[in-house]
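[1] got a structure for you, letters missing:
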């Protein structure tokens with residue numbers, strides 16, 4: 001297949017799956033320092049074809065094709081800027097969801113998602129569909145040339161109030177990284193929950209003892225949690241209700257965490273105090289099962305995903321594998337559903 005096989009229209013030949021976009025050293029930096037232009041690689045075209053070929057509707061397939069190319073262009077730019085991204089868990093990487101939604105999301109590791117919206121040549125505005133409003137760090141406009149050989153990142157907006165945003169109203173692309181840095185710094189200052197203090201009967205704001213949260217309202221949930229084979233008599237448990245936001249009618253989930261003190265012998269050097277940690281996610285009041293496709297992840301302080309579990313239809317709870325840590329170690333628990341993500345930060 002030559003380079004021109006996918007220019008200007010959807011390719012007809014099936015393409016093998018590819019999950020990454022190689023950085024092309026032929027990047028063109030335009031004279032305008034407020035934008036960024038890069039070539040759209042053959043591999044990006046092949047991947048777009050592989051994603052959209054399952055769609056029977058031609059118009060939908062075309063939109064998906066452009067969305068995937070826009071994500072590739074933004075991912076290319078962020079990689080050049082040293083920003084870590086993850087696309088395989090995004091809605092824009094799921095052919096089933098793409099059949100129902102017009103989305104072009106890209107996850108910035110441990111930070112959130114940006115929406116990458118394609119702009120055709122000569123367009124004076126960028127279309128941002130209502131279904132992707134909210135729960136995005138920014139909306140980036142990506143304009144293609146007629147042959148779909150190059151993509152120019154024109155700028156971004158932080159929030160949207162209309163589906164058609166004039167290109168003249170975009171913030172300069174040069175402001176995107178400082179804005180993301182500001183978001184990261186503001187989140188980094190949020191205090192971490194110190195689990196070791198729970199052993200001293202401490203209850204942090206927003207957290208409750210299992211008895212007060214579960215008690216008579218959810219006896220079956222309390223029984224399930226307390227009878228887990230991992231929980232010893234000395235285990236201490238806390239629970240917090242997580243709000244999924246307006247998109248899910250403020251449906252709540254119950255995040256349950258139990259810790260158990262233990263020791264590890266280090267030979268001649270003595271022993272070391274550890275905490276065993278168990279994390280479960282349950283449906284909120286009035287619901288028997290979790291919504292399908294909820295992700296719960298254990299992440300390191302740097303954002304690396306150490307564990308990930310996803311709910312299926314009719315799951316009444318999901319659980320991470322038990323893990324342990326020493327005092328002072330930090331980790332995050334991320335719970336996400338669709339465009340909504342909740343992050344809870346902890347320190348052993």
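    Arrived safely, thanks for sending. Here the structure is a predicted model, which is why all the values come from computation and not from measurement.

[2] what sits against residue 296?
    Residue 296 sits next to 279, 281, 308, 309, 310, 318, 320, 333, 334, 335 when contact means Cβ atoms under 8 Å, 6 or more residues apart in numbering. In this view, the C-beta of every residue, glycine as well, is placed from N, C-alpha and C.

[3] So it, which state does it fall into?
    Judged by DSSP: H, G, I helix; E, B strand; the rest coil, the three-state class of residue 296 is strand.

[4] All the helices of the stretch 151-300 of the chain, in order from the start?
    Remark: helices assigned in the stretch 151-300 of the chain by DSSP state H, counting those that start in this stretch are 176-188, 210-213, 219-226.

[5] just to revisit the earlier point, out of the contacts of residue 296, which is nearest to residue 96?
    For these, the residue nearest residue 96 by Cβ to Cβ is residue 310; the value is 13.7 Å.

[6] What count of nearby residues applies to the closest residue to that closest one other than its chain neighbours?
    By the measure of Cβ to Cβ, 6 or more residues apart in numbering, the closest residue to residue 310 outside its immediate chain neighbours is residue 295, 5.3 Å from it. Per other Cβ atoms under 10 Å, the neighbour tally for residue 295 reads 17.

[7] and residue 295, bridged to which residues?
    Residue 295 has the following beta-bridge partners by DSSP bridges: residue 310, residue 336.

[8] circling back: the contacts of residue 296 in strands, which ones?
    Among those, DSSP state E puts 279, 281, 308, 309, 310, 318, 333, 334, 335 in strands.

[9] which one of the residues you listed is nearest residue 65?
    Nearest member of these to residue 65, counting by Cβ to Cβ, is residue 310, at 26.8 Å.

[10] Can you give me every residue that contacts the closest residue to residue 255 other than its chain neighbours?
    Nearest non-adjacent residue to residue 255, counting by Cβ to Cβ, 6+ apart: residue 240, 5.0 Å away. Residue 240 makes contacts with 206, 207, 208, 254, 255, 344, as judged by Cβ under 8 Å, 6+ apart.

[11] shaky segments in the stretch 1-150 of the chain?
    In the predicted model of the stretch 1-150 of the chain, residues 1-33 satisfy pLDDT under 70.

[12] in it, which spans are strands?
    With DSSP state E, counting those that start in this stretch, the ranges of strands along the stretch 1-150 of the chain come out as 36-39, 85-86, 105-108, 112-119, 125-127, 138-144, 150-157.

[13] Check what contacts the second one and list those residues.
    Contact with strand 85-86 is made by 75, 78, 79, 106, 107, 108, 109, 305, as judged by Cβ under 8 Å, 6+ apart.

[14] would a markdown table of these with distance to residue 132 and neighbour count be doable?
    Shown next, in a markdown table, are the contacts of strand 85-86 (distance: Cβ to Cβ, whole Å; neighbours: other Cβ atoms under 10 Å):
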| residue | distance to residue 132 | neighbour count |
| --- | --- | --- |
| 75 | 17 | 22 |
| 78 | 18 | 20 |
| 79 | 22 | 15 |
| 106 | 12 | 24 |
| 107 | 14 | 23 |
| 108 | 16 | 21 |
| 109 | 20 | 14 |
| 305 | 23 | 16 |
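
[15] Among these, which one sits closest to residue 89?
    Nearest to residue 89 among the contacts of strand 85-86: residue 107, at 6.7 Å, using Cβ to Cβ.

[16] mind listing what the closest one touches?
    Listed by Cβ under 8 Å, 6+ apart, the contact partners of residue 107 are 85, 86, 87, 89, 90, 113.

[17] Any figure for the gap between it and residue 347?
    From residue 107 across to residue 347, the span is 24 Å (Cβ to Cβ, to the nearest Å).

[18] one step back: who wins for neighbours among the contacts of residue 240?
    Among the contacts of residue 240, the one with the most neighbours (other Cβ under 10 Å) is residue 254, at 23 neighbours.

[19] Not counting sequence-adjacent ones, nearest residue to it?
    Leaving aside its sequence neighbours, residue 254 sits nearest to residue 282 (Cβ to Cβ, 6+ apart; 4.3 Å).

[20] okay but that neighbour is in contact with residue 316, surely?
    Yes. Counting by Cβ atoms under 8 Å, residue 282 does reach residue 316; the two are 7.2 Å apart.

[21] Looking at those two, which is more packed in?
    Each of residue 282 and residue 316 has its neighbours counted (other Cβ under 10 Å); residue 282 has more, 24 against 14.

[22] how much space between the more buried one and residue 117?
    Residue 282 sits 36 Å away from residue 117, going by Cβ to Cβ.

[23] wait, what's in contact with the residue lying closest to residue 72 once chain neighbours are set aside?
    Once flanking residues are discounted, residue 72 sits nearest to residue 44: 4.0 Å by Cβ to Cβ, 6+ apart. Counting by Cβ under 8 Å, 6+ apart, residue 44 touches 21, 68, 69, 72, 73.

[24] what's the span of stretch 99-117, first residue to last?
    Stretch 99-117 has an end-to-end distance of 17 Å (criterion: Cα to Cα, to the nearest Å).

[25] Flag every buried residue along that stretch.
    Residues 101-108, 110-117 are the ones in stretch 99-117 that count as buried (16 or more other Cβ atoms under 10 Å).

[26] just for the stretch 151-300 of the chain, where's the confidence low?
    When residues are selected by pLDDT under 70, those of the stretch 151-300 of the chain lie in 187-189, 211-233, 245-250, 265-271, 286.

[27] Tell me where it has strands.
    So, for the stretch 151-300 of the chain - with DSSP E, counting those that start in this stretch - the strands run 164-166, 193-194, 208-209, 236-243, 252-265, 271-283, 295-300.
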